[in-house]
Every structure is written in C-alpha cells, then in structure tokens.
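Trainee: turn this into a structure:
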Amino acid sequence: MAQLSEVESNSRRLFRDFLRNSYISGLQPFLLETSVRYAKALWLAFLAVIVVSTHIVIVNLTLEYIDQPTEIHMAPNLVHVANSPFPAIAVCSSNLISKRQMQSYAAKM
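Mentor: Next up is the predicted model:
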C-alpha cells in the first residue's frame with residue numbers, strides 16, 4: 001500500500017510539473033486554488049468539449065476531401081512561350097500624345 005501512495009504522489013508531482021511548465025493554453029487553471037466548488041471540473045469538461053468538437057470537424061473535413069477528389073492533368077505537349085498566343089489585354093498610358101509633336105517626329109524620320 002505504501003508503494004501505491006508513493007507512485008500516486010510521484011504521478012501527482014509529475015502532473016503538476018507538467019502543468020506548470022506546459023505552454024498548452026488552458027491547463028494553468030488546474031494549478032490555481034479556486035473558491036468555486038466545481039470550477040476545475042467545469043473547465044475540464046469545457047476543454048474536453050472543445051477537443052472533441054475540433055476532432056469531429058477535422059474528421060468531417062477529411063472525409064469530405066476523400067469523397068470529392070481533385071484531378072490534375074498536365075498537357076503532354078509543352079508550348080514554348082514565343083508560340084503561345086498573346087493575351088488580349090492592352091495597357092494604355094495615361095500620357096496624351098501631342099499631334100503636332102508626333103507629326104514633327106515623323107517628318108524627321
């Protein structure tokens with residue numbers, strides 16, 4: 001019986017050390033003393049509900065992804081950039097061209 005209580009005290013000490021040094025959010029309140037009677041049990045139930053609901057959402061998303069697979073096809077014949085059609089987009093400058101200056105430039109050429 002003495003070994004059982006020693007193992008239990010060691011496991012409690014190890015659990016408290018884990019809670020004290022853990023960076024997992026929501027575990028620190030288990031170390032604090034509280035005046036509310038069932039505060040730790042309610043907090044544990046709340047954390048359990050969050051963990052279970054998160055797992056349910058992840059499983060549902062995974063099953064939905066598996067049911068609706070994505071197909072990706074690549075064309076076997078590659079086209080060089082020079083042979084690809086030019087895009088039908090024109091970028092116009094907002095600078096206006098003077099007709100007189102354009103005519104004088106054309107006359108010089």
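Trainee: only C-alpha atoms for contact and neighbour calcs from this point on.
Mentor: Noted.
Trainee: for the helix or strand hosting residue 9, which residues meet the burial criterion?
Mentor: Assigned by DSSP states H and E, residue 9 belongs to helix 2-21. Across helix 2-21, burial judged by 16 or more other CA atoms under 10 Å covers residue 19.
Trainee: hmm, who's touching that helix?
Mentor: 27, 28, 30, 31 (CA atoms under 8 Å, 6 or more residues apart in numbering).
Trainee: closest to residue 59 out of those residues?
Mentor: Using CA to CA, residue 27 is the member of the contacts of helix 2-21 that lies nearest residue 59, at 24.7 Å.
Trainee: do you know how far the closest one is from residue 78?
Mentor: 56 Å (CA to CA, to the nearest Å).
Trainee: the more surrounded of the two?
Mentor: Looking at residue 27 and residue 78 with other CA atoms under 10 Å, you find the greater number of neighbours at residue 27, namely 15 against 7.
Trainee: and after the helix holding residue 9, which helix or strand comes next?
Mentor: Past helix 2-21, the next helix or strand by DSSP H and E is helix 39-67.
Trainee: quick check: buried residues in that following helix?
Mentor: 40, 44.
Trainee: averaged over its residues, what pLDDT does it have?
Mentor: Averaged across helix 39-67, pLDDT comes to 91.
Trainee: give me the most central residue, the protein.
Mentor: residue 58 (12.6 Å; CA atoms, centre = their mean).
Trainee: how close does that one sit to residue 25?
Mentor: For residue 58, the distance to residue 25 equals 20 Å [CA to CA].
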